[in-house]
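In: sharing a model prediction with you, sequence too.
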Amino acid sequence: MRHLLDIADLSPADLAGLLDDADGFVEVLARPIPKVPALRGKTVTTAFFEASTRTRLSFERAAKTLSADTMTFAPGTSSLSKGESLKDTVLTLQAMGSDLLVMRHQAVGAAERAAEWLSIPVVNGGDGAHQHPTQALLDALAIRRRFGTLEGLQIAIVGDIRHSRVARSDLLAFSKLGATVTLVAPRTLLPVTFADWPVRVSSSLDEVLPELDVVYLLRVQTERGGASVFPSLAEYTTRFGMTRERRSRLKRDAVVMHPGPMNRGVEIADEVADDPDALVLEQVSLGVAVRMAVLFRLLGGESDA
Ligand code: NCD
């Protein structure tokens with residue numbers, strides 16, 4: 001593995017191997033001094049051209065736990081405002097001694113282009129509505145740790161599929177690991193075509209609810225026009241929101257997930273988000289271990305973890 005750009009590039013065995021490594025790093029993170037020397041002397045650079053809380057910070061935390069140094073490129077105060085191109089920007093970050101670049105960009109394919117321009121590994125931290133592979137890995141890890149396997153599970157991904165790189169990454173990872181994935185959304189929030197996706201599609205959350213093991217809620221992407229295609233947020237909540245009442249109709253051991261940031265009161269009710277059974281914060285914690293596994297794999301550190 002030279003880069004991590006797209007879940008489509010990974011076999012089921014690759015996915016399982018990364019999750020196994022991440023399980024090991026969960027143990028490291030639970031130690032009194034959560035630090036291993038595996039990537040000492042390496043420099044991990046993050047360049048996020050789109051907003052991020054979880055992804056960028058958890059890559060930083062992952063790099064530091066592995067004893068790598070970190071550099072953070074901040075687009076807002078950079079020479080982008082002088083018209084510098086993406087190519088010149090990432091070549092500059094490499095020339096400064098970055099050993100790996102984690103990049104998020106609003107354009108589909110941006111990380112892939114960077115991987116062509118650079119000689120260091122590139123990790124896609126989200127490219128437009130296309131891919132967000134480390135989110136899929138952490139979501140798969142959270143499910144695997146809860147249920148022991150994804151094999152045979154019924155998973156619904158609910159909401160703004162059209163604008164969601166999380167949905168595109170997760171449905172590939174979940175189905176490669178043996179789960180059955182159902183997309184639940186109104187037609188206006190589905191992509192133009194999804195014929196070659198390994199999924200079932202439903203427009204009724206209430207219909208599929210009783211059979212689900214995992215309900216994966218997506219954020220309505222208002223910044224990408226997600227809220228403009230239904231009459232009101234209240235109507236969205238009525239049909240697709242995870243309310244307390246819907247939660248009570250799920251199987252006893254079913255879990256509710258969300259990648260964050262949450263629109264509380266829209267796709268997820270406060271009571272559901274704050275329920276100790278919700279996996280939302282567990283997903284965030286496991287994100288650090290998953291990103292350690294990815295950095296470790298790509299930078300080929302010696303294993304003394
Ligand atoms: C997601 C993203 O940016 O793709 N957030 C995340 O990384 N946890 C989901 C979203 O913004 O809705």
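Out: Cool, the structure landed.
In: what's around residue 225, how many residues?
Out: 11 (other C-beta atoms under 10 Å). No exception for glycine: its C-beta is placed from N, CA and C like everyone else's.
In: pLDDT score for it?
Out: Model confidence at residue 225, given as pLDDT, is 81.
In: ok, the one 5 residues further on next?
Out: At residue 230 the predicted local distance difference test score is 83.
In: wait, residue 44 touches residue 63, no?
Out: Yes: contact criterion C-beta atoms under 8 Å: residue 44 and residue 63 qualify, at 4.0 Å.
In: any residues in contact with both of these two?
Out: 69, 70, 295 (C-beta atoms under 8 Å, 6 or more residues apart in numbering).
In: measure the last one to the ligand for me?
Out: Computed as C-beta to the nearest ligand atom, to the nearest Å, the residue 295 to the ligand distance reads 17 Å.
In: just say helix, strand or coil for that residue.
Out: helix (DSSP: H, G, I helix; E, B strand; the rest coil).
In: with the second one instead?
Out: In the three-state summary, residue 70 is assigned as strand, counting by three-state DSSP.
In: got the shared contacts of residue 44 and residue 63 as a markdown table, with pLDDT and neighbour count columns?
Out: Conversion of these to a markdown table gives the following (pLDDT from 0 to 100; neighbours: other C-beta atoms under 10 Å):
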| residue | pLDDT | neighbour count |
| --- | --- | --- |
| 69 | 98 | 16 |
| 70 | 98 | 17 |
| 295 | 98 | 27 |
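In: what's around the residue of the chain found nearest the ligand, how many residues?
Out: Residue nearest to the ligand within the chain: residue 219 (3.4 Å; C-beta to the nearest ligand atom). By other C-beta under 10 Å, 21 other residues sit near residue 219.
In: which residue packs closest to it, ignoring adjacent ones?
Out: Using C-beta to C-beta, 6 or more residues apart in numbering and skipping residues adjacent in sequence, the residue nearest residue 219 is residue 263, 5.8 Å away.
In: thought the one you found was touching residue 218?
Out: No: if you go by C-beta under 8 Å, residue 263 and residue 218 don't touch, sitting 9.9 Å apart.
In: burial measure for the residue nearest to residue 219, as a count.
Out: Residue 263: 21 neighbours (other C-beta under 10 Å).
In: backbone dihedrals for it, please?
Out: Main-chain torsions, residue 263, degrees, to the nearest 10: phi -90, psi 90.
In: check the one 4 residues further on too.
Out: In this entry, residue 267 is assigned phi and psi values of phi -80, psi -20 (degrees, to the nearest 10).
In: and the residue nearest to it when sequence neighbours are not counted, how many neighbours?
Out: What sits nearest to residue 267 in space, not counting adjacent residues and going by C-beta to C-beta, 6+ apart, is residue 217, at 4.8 Å. By other C-beta under 10 Å, the residues close to residue 217 number 28.
In: which residue ranges of this protein form helices?
Out: Taking DSSP state H to define them, one finds helices in the chain at 12-29, 54-65, 86-95, 110-117, 133-147, 165-176, 205-208, 233-240, 244-248, 270-273, 280-299.
In: does the fifth one reach the ligand?
Out: Yes: Helix 133-147 comes into contact with the ligand (C-beta under 6 Å from any ligand atom), by way of residue 135.
In: list the buried residues for that helix?
Out: For helix 133-147, a neighbour-count test (16 or more other C-beta atoms under 10 Å) marks 133-144, 146-147 as buried.
In: the fourth one too?
Out: Within helix 110-117, the residues that qualify as buried by neighbour count (16+ other C-beta under 10 Å) are 110, 111, 112, 113, 114, 115.
In: one step back: now the shared contacts of residue 44 and residue 63 in a markdown table, with distance to residue 195?
Out: Below are the shared contacts of residue 44 and residue 63 laid out as a markdown table (distance: C-beta to C-beta, whole Å):
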| residue | distance to residue 195 |
| --- | --- |
| 69 | 46 |
| 70 | 42 |
| 295 | 36 |
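In: any idea which residue sits dead centre in the chain?
Out: Against the mean C-alpha coordinate of the chain, by C-alpha atoms, centre = their mean, the closest residue is residue 135 at 1.6 Å.
In: perfect, that will be all.
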